[in-house]
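Participant: I'd like to go over a predicted model; first the sequence, then the structure.
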Amino acid sequence: EAGVAQSPRYKIIEKRQSVAFWCNPISGHATLYWYQQILGQGPKLLIQFQNNGVVDDSQLPKDRFSAERLKGVDSTLKIQPAKLEDSAVYLCASSLNHVQETQYFGPGTRLLVL
Amino acid sequence: RKEVEQDPGPFNVPEGATVAFNCTYSNSASQSFFWYRQDCRKEPKLLMSVYSSGNEDGRFTAQLNRASQYISLLIRDSKLSDSATYLCVVNTNTGNQFYFGTGTSLTVIP
């Protein structure tokens, strides 16, 4: 079974630039999550989708971050404009359906903002 | 106060040792609890779910204490391959919020 795919794996940009990350969840997984993991910290949930609807985005900095999940499959996370403090690993995860089920994480996108 | 708190360590233990990690959570309405393992520069992977009655998987035992709002992970007979960061995860079903601890770093020494 193919795992969660993410691209790009690495990205280096300058502050105030824009960047987008892509995630393809495990086939058939209805729930998709985006996390931000800053070095030395645990992952922080940014947004959670159930199919193509947003379940929770309370920790998403909406002035600069946006995410969508068209057709309830792939998802993109965008940062515009980026700040130095956005340097982190952005992890995408998916689960079959219910929040109590196992989350499977992708390899992440490492973002460095200079 | 953080939703989930863990001792970041690091814990450095010899092979064969027994080591225990604790994690406390602030929301008494929390319903689901997990331990994830994260290797250096890798993604987190589920180690085990934590059930009210406690559960065991080989050398790993997880326990939940709702009254004191903490969960624990016990690793017996530590192996070199157990070296990783162990993340405590709590979910409040009512808010569909997953909260990760900062992780506890374990290094098993030959």
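Facilitator: The structure has been received and is ready for your questions. Everything numeric in this text was worked out from a predicted model, so none of it was measured. Numbers count the residues shown, from 1 in each chain, chains lettered A, B, ... in the order given.
Participant: close to chain A: what parts of chain B are there?
Facilitator: Within chain B, the positions near chain A by Cβ under 8 Å from any Cβ of the partner chain are B:4, B:6, B:8, B:31-32, B:42-46, B:49, B:87, B:91, B:93, B:95-103. Bear in mind the C-beta positions are built from the backbone N, C-alpha and C, glycine included.
Participant: so which of these sit within strands?
Facilitator: B:4, B:6, B:32, B:44-46, B:49, B:87, B:91, B:97-100 (DSSP state E).
Participant: what is the least confident helix or strand in chain A?
Facilitator: Across the helices and strands of chain A, mean pLDDT, DSSP states H and E gives its lowest value to strand A:53-56, namely a mean of 90.
Participant: flag every buried residue along the helix or strand following it.
Facilitator: Counting by DSSP states H and E, the next helix or strand C-terminal to strand A:53-56 is strand A:65-68. Of all the residues in strand A:65-68, those buried under the rule 16 or more other Cβ atoms under 10 Å in any protein chain shown are A:65, A:66, A:67.
Participant: quick one on the thing from earlier: any of the residues of chain B next to chain A buried? List them.
Facilitator: B:4, B:6, B:32, B:43-44, B:46, B:49, B:87, B:91, B:97-103.
Participant: which of the buried residues of strand A:65-68 lies closest to chain B?
Facilitator: Closest approach between the buried residues of strand A:65-68 and chain B, by Cβ to the nearest Cβ: residue A:67, at 15.6 Å.
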